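>>> got a predicted structure plus its sequence, pasted below:
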Amino acid sequence: MGNDKQLIIGLFGFGVVGEGLYRILNQTPTLNASIKKVCIKNPNKKRNAPASLFTTNADEILNDPEINVVVEVINETDAAFRIVSTALRNGKDAVSANKKMIATYLPELLTIQQETGRSLLYEASACASIPIIRNLEEYYDNDLLQGLTAIVNGSTNYILTKMFDEQLGFKDALLQAQQLGFAEADPSLDIEGWDALYKWIILLLHAYGIVAKPEDILFTGIHQIHNNDAVVGREKQYEIRLIAQAKKLKTGKIAAFVLPQFVKPNEHLRFVKNEYNGTVLESSFSDKQFFYGKGAGSFPTASAVLSDLSALRYDYHYEHKKLRYQKPAELTDDFYLKVYVSFDDWNYIEKNDFLWIEEWHAENERKYLVGVIHAERLKNKTWWRENGNSLILTPDAIVEDVDIRNLKKKSLELAGVQLG
Ligand code: HSE
């Protein structure tokens with residue numbers, strides 16, 4: 001029986017997730033797992049665990065032959081990579097919740113796993129308690145998976161819910177997200193979209209076998225969203241969410257981005273409020289499937305770490321089958337997006353970047369337009385994230401079949417030019 005294996009754990013980090021794991025493990029005696037040592041940075045901080053458990057010397061864990069699993073839940077990126085790579089090279093398995101580290105060092109981590117044959121699991125790194133990585137890895141074959149649409153950051157979703165459902169100010173909502181342990185130590189990672197980007201890079205690997213770099217993906221966060229955007233949305237019964245998307249286009253290539261979006265009343269993701277996350281998978285034959293659960297916080301995140309530990313008892317590892325497909329999936333920026341942009345001053349709007357402007361509302365102090373723009377242009381330009389401008393995707397934003405001649409004709413007609 002493979003599941004009798006005893007796990008002797010060396011834990012790095014005793015913050016929101018680390019302490020959550022310690023508590024959960026104390027309540028899960030069936031797992032046959034125990035924490036032997038916890039490596040922390042600051043020995044003077046008061047902690048709710050016996051002092052003998054703690055060390056500040058990483059080697060006490062990394063060089064201990066009895067420890068067979070290293071769990072890494074620290075904030076630093078480079079230090080986390082050193083810990084995980086050394087653990088794997090020293091013959092240990094590793095579990096991490098560190099999305100920035102995994103997304104940043106993805107190629108290196110893939111190589112080390114291959115070289116060492118050890119297992120690195122990180123279910124907690126994306127959507128916390130939702131078992132999305134293992135499902136993508138095991139269940140959804142590349143050919144069947146047409147697209148994923150997801151809310152992957154709990155803090156920004158919490159802030160948007162508090163702002164627009166309860167009329168709380170942005171700063172107060174962020175403060176609550178910090179106090180509840182949802183936000184990153186540096187909350188700009190949440191609100192500027194970085195955290196969602198890192199998670200999306202991880203999910204793209206397991207969904208499509210794509211190893212993307214941060215600079216490959218068009219993204220922003222919620223920091224530019226203006227109060228008036230919610231007012232405009234509400235007129236159409238839309239709410240705003242920060243949404244990560246990946247879609248297989250007709251060319252077979254994958255469009256992937258993380259941007260705020262207006263969500264219609266009947267959409268699955270509309271149901272996702274506060275620190276919850278949600279992922280809608282669309283496959284060729286089963287149509288839509290919706291995964292929903294807590295995406296941040298101590299116990300929800302630690303529960304995913306626990307599930308990884310449990311999987312290590314039967315020597316589970318990600319096979320990364322999709323990386324070895326004959327025709328690997330490829331990212332593309334060659335598609336159009338229908339966007340809403342609000343602004344105070346039209347001088348800061350580069351109108352010529354739009355293929356077509358469908359609506360133009362300049363009557364109020366806060367103005368807005370709705371238009372179609374090429375994704376590559378959006379990625380390479382910065383005006384839409386500067387000078388108080390705010391960009392939000394319209395629902396069903398991806399436009400694939402653009403008849404450029406027809407659109408040009410239409411916009412000329414709108415401009416009052418007679419066509420022969
Ligand atoms: N800061 C992250 C979030 C924590 O808000 O989603 C969970 O990864």
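Cool, got the structure.
>>> L331 against A212, yeah?
Yes: the pair L331 / A212 is scored as a contact, 6.1 Å apart, by C-beta atoms under 8 Å. To be clear about C-beta, it is placed using only N, CA and C from the backbone, and glycine gets the same treatment.
>>> which of the two has more neighbours?
A direct count of neighbours by other C-beta atoms under 10 Å for L331 and A212 places A212 higher, at 20 against 17.
>>> ok, back up a step: which residues do L331 and A212 both contact?
Both L331 and A212 are contacted by 204, 256, under the criterion C-beta atoms under 8 Å, 6 or more residues apart in numbering.
>>> list phi and psi for the residue of the stretch 201-350 of the chain found nearest the ligand.
Proximity to the ligand, evaluated over the stretch 201-350 of the chain using C-beta to the nearest ligand atom, is greatest for A296 at 3.8 Å. Main-chain dihedrals, A296, degrees, to the nearest 10: phi -160, psi 170.
>>> give me the neighbour count for the nearest residue to it once chain neighbours are set aside.
Of all residues not flanking A296 in the chain, G154 sits nearest, at 3.0 Å (C-beta to C-beta, 6 or more residues apart in numbering). By the criterion of other C-beta under 10 Å, G154 has 28 neighbours.
>>> tell me, how many residues neighbour T332?
A count of neighbours around T332, defined by other C-beta under 10 Å, yields 14.
>>> so it sits against I254, correct?
Yes: counting by C-beta under 8 Å, I254 is a contact partner of T332 at 6.7 Å.
>>> I9 touches S34, doesn't it?
Yes: between I9 and S34 there is a contact under C-beta under 8 Å: 6.7 Å.
>>> quick check, pLDDT for T77.
Looking at T77, its pLDDT reads 97.
>>> for it, what are its contacts?
For T77, the contacting residues are 98, 100-101, 104, by C-beta under 8 Å, 6+ apart.
>>> narrow those to those in helices?
Using DSSP state H, the subset of the contacts of T77 located in helices is 100-101, 104.
>>> what about those residues, which one has the most neighbours?
M101 (26 neighbours).
>>> quick one, what contacts it?
Applying C-beta under 8 Å, 6+ apart to M101 gives the contacts 72, 77-78, 80-81, 84.
>>> turn these into CSV, columns for distance to the ligand and secondary structure.
Shown next, in CSV, are the contacts of M101 (distance: C-beta to the nearest ligand atom, whole Å; DSSP: H, G, I helix; E, B strand; the rest coil):
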residue, distance to the ligand, secondary structure
E72, 14, strand
T77, 14, coil
D78, 19, helix
A80, 14, helix
F81, 18, helix
V84, 17, helix
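>>> of the residues you listed, buried ones?
Among these, those scoring as buried are 72, 77, 80-81, 84 (criterion: 16 or more other C-beta atoms under 10 Å).
>>> just the helices in the stretch 151-300 of the chain please.
Counting by DSSP state H, counting those that start in this stretch, the stretch 151-300 of the chain has helices at residues 154-166, 170-179, 188-191, 194-208, 227-235, 298-312.
>>> so which of the ones you listed is the most surrounded?
helix 194-208 (a mean of 26; mean count of other C-beta atoms under 10 Å).
>>> tilt between that helix and helix 154-166?
Angle, helix 194-208 to helix 154-166, by axes from the mean of the first three to the mean of the last three C-alpha atoms, to 10 degrees: 110 degrees.
>>> what is helix 194-208 packed up against?
Counting by 3 or more C-beta pairs under 8 Å, 6 or more residues apart in numbering; DSSP states H and E, the packing neighbours recorded for helix 194-208 are helix 99-104, helix 106-116, helix 132-138, strand 145-151, strand 218-219, strand 239-248, strand 254-263.
>>> right, and the residue of the stretch 201-350 of the chain closest to the ligand touches S155 too?
Yes: contact status for A296 versus S155: in contact at 6.3 Å, counting by C-beta under 8 Å.
>>> anything in contact with each of the two?
Shared contacts of A296 and S155 (C-beta under 8 Å, 6+ apart): 182-183, 275.
>>> CSV for the helices and strands packed on helix 194-208, including mean pLDDT and distance to N227?
Converted to CSV, the helices and strands packed on helix 194-208 look like this (pLDDT from 0 to 100; distance: least, C-beta to C-beta, whole Å):
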stretch, mean pLDDT, distance to N227
helix 99-104, 98, 30
helix 106-116, 98, 37
helix 132-138, 96, 32
strand 145-151, 96, 21
strand 218-219, 98, 22
strand 239-248, 98, 11
strand 254-263, 98, 14
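>>> can I get these in CSV with distance to L88?
As requested, the helices and strands packed on helix 194-208 are exported to CSV (distance: least, C-beta to C-beta, whole Å):
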stretch, distance to L88
helix 99-104, 13
helix 106-116, 5
helix 132-138, 18
strand 145-151, 28
strand 218-219, 29
strand 239-248, 28
strand 254-263, 28
